[in-house]
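J.: coordinates only, sequence not included:
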């Protein structure tokens, strides 16, 4: 993927060129060679945590990453990473080099944003990291116009229940439930969204009636796995039914939705996903209503890139056009 920056956008061809002598020439060049080319290997390993993941990001094989890290350590006379079975973690020397590489990368991004073809043309790949519900149920069906309008623009939509580190370039644009407390991140609220309690009509027809909150006691609930909650804003079951414990727990909101439709139990779901479904009924609509927010975030270094700005503006536009979908009535 592009990762919104030049560092990981250009695969390294250690194939034919190195077989006919280029690799040996680079080795002899030492510090006078392409220092940034070495540094970005360090940056990729630090961000990915494993050699195999870094190799995929860089577009090279596993052995190439190991060879380049080993070569740089020999040249510097410093160990840059602790090698463990679980992955690579940077040493103090490694962290110092990562900080330098990150600063270089920021300058590259700034240059890309202000000069050249990338600054004015919508060419390349933009990765969007989004919560699974918003990403799959709302955003994915609304990207067609963007893709058709810009034939040289590719989108990678990572719709999953997790936080995305913009500082580590895990995404170019991230949709989150809150702004990060620190870092060079720029953000803007997309929208508030409502959540209500839902159940399948078949479940309601075969279980005790629910006329008020205290009637929720004894009913089956569907919810999140506590230790896998990626944001405190999702810890809302206790607000709806104090003392309740979900009988089915999933980190995936779409799985919760499908289990609710199948009649397994009651679930707190976003109105933009559930309110217009004929196979779900809203339970205690006046008594149970929660509000959360979606924020759109970008790294400060890449917000002026035309392709990233265009994708962000498209997301703002489609949310604004259907803002009523996020309201309590859906």
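T.: Received the coordinates, thanks. As the structure is a computational prediction, the values presented were derived from the model and not from experiment. Numbering: from 1, shown residues only.
J.: Nearest the middle, which residue of the protein would you pick?
T.: Compute the mean C-alpha point of the chain, and by C-alpha atoms, centre = their mean the closest residue is residue 129, 2.8 Å away.
J.: Looks like that one contacts residue 165 (just checking).
T.: No. Look at residue 129 against residue 165 with C-beta atoms under 8 Å: they stay out of range, at 9.0 Å. Any C-beta I mention is one placed from the backbone N, CA and C, and that applies to glycine too.
J.: What separation do you get for the residue nearest to the centre of the chain and residue 164?
T.: 3 Å (C-beta to C-beta, to the nearest Å).
J.: Need the residues touching each of those two.
T.: Here residue 129 and residue 164 have 158, 170-171, 174 as joint contacts, going by C-beta atoms under 8 Å, 6 or more residues apart in numbering.
J.: Take the residues you listed and write them to CSV, including pLDDT.
T.: Converted to CSV, the shared contacts of residue 129 and residue 164 look like this (pLDDT from 0 to 100):
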residue, pLDDT
158, 96
170, 89
171, 93
174, 95
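J.: now for those, which pair is the farthest apart?
T.: Among those, the pair separated by the greatest distance (C-beta to C-beta) is 158 and 174, at 9.3 Å.
J.: the more surrounded of the two?
T.: Neighbour tally, residue 158 and residue 174, criterion other C-beta atoms under 10 Å: the higher count belongs to residue 174, 24 against 16.
J.: Tell me if I am right that the more buried one is in a helix.
T.: No. Using DSSP: H, G, I helix; E, B strand; the rest coil, the assignment for residue 174 is strand, not a helix.
J.: show me where the chain has strands.
T.: 81-84, 87-90, 124-130, 153-159, 173-176, 185-199, 221-223, 248-249, 266-270, 281-283, 290-299 (DSSP state E).
J.: Which elements pack onto the fifth one?
T.: In terms of contacts (3 or more C-beta pairs under 8 Å, 6 or more residues apart in numbering; DSSP states H and E), strand 173-176 is packed against strand 124-130, strand 290-299, helix 306-321.
J.: The second one too?
T.: Contact partners of strand 87-90 among helices and strands, from 3+ C-beta pairs under 8 Å, 6+ apart: helix 35-48, strand 81-84.
J.: switch to 10 Å and redo it
T.: Secondary-structure packing of strand 87-90 (3 or more C-beta pairs under 10 Å, 6 or more residues apart in numbering; DSSP states H and E): helix 35-48, helix 51-58, helix 62-76, strand 81-84, helix 92-114.
J.: Using a markdown table, lay out those together with mean pLDDT.
T.: Output for the helices and strands packed on strand 87-90, formatted as a markdown table (pLDDT from 0 to 100):
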| stretch | mean pLDDT |
| --- | --- |
| helix 35-48 | 83 |
| helix 51-58 | 85 |
| helix 62-76 | 88 |
| strand 81-84 | 90 |
| helix 92-114 | 75 |
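J.: Which of those sits closest to residue 276?
T.: That would be helix 51-58 among the helices and strands packed on strand 87-90, by C-beta to C-beta, at 38.9 Å.
J.: Quick check: neighbours shared by residue 158 and residue 174?
T.: Common contact partners of residue 158 and residue 174 (C-beta atoms under 10 Å, 6 or more residues apart in numbering): 127-130, 164.
J.: Looking at those residues, which one is closest to residue 211?
T.: residue 130 (37.0 Å).
J.: what bridges to the nearest residue to that closest one once chain neighbours are set aside?
T.: Closest residue in space to residue 130, ignoring its immediate chain neighbours: residue 175 at 4.1 Å, by C-beta to C-beta, 6 or more residues apart in numbering. When assigned by DSSP bridges, residue 175 has beta-bridge partners residue 296.
J.: Let me know whether residue 175 touches residue 297 as I believe.
T.: Yes. Residue 175 is within contact range of residue 297, at 7.6 Å (criterion: C-beta atoms under 10 Å).
J.: Name the nearest residue to residue 145, sequence neighbours excluded.
T.: residue 314 (7.6 Å).
J.: So that neighbour versus residue 288, what's the distance?
T.: Residue 314 is 33 Å from residue 288, by C-beta to C-beta.
J.: For the helices and strands packed on strand 173-176, please prepare CSV with the additional fields mean pLDDT and distance to residue 148.
T.: CSV is the format used below for those (pLDDT from 0 to 100; distance: least, C-beta to C-beta, whole Å):
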stretch, mean pLDDT, distance to residue 148
strand 124-130, 95, 15
strand 290-299, 95, 22
helix 306-321, 95, 12
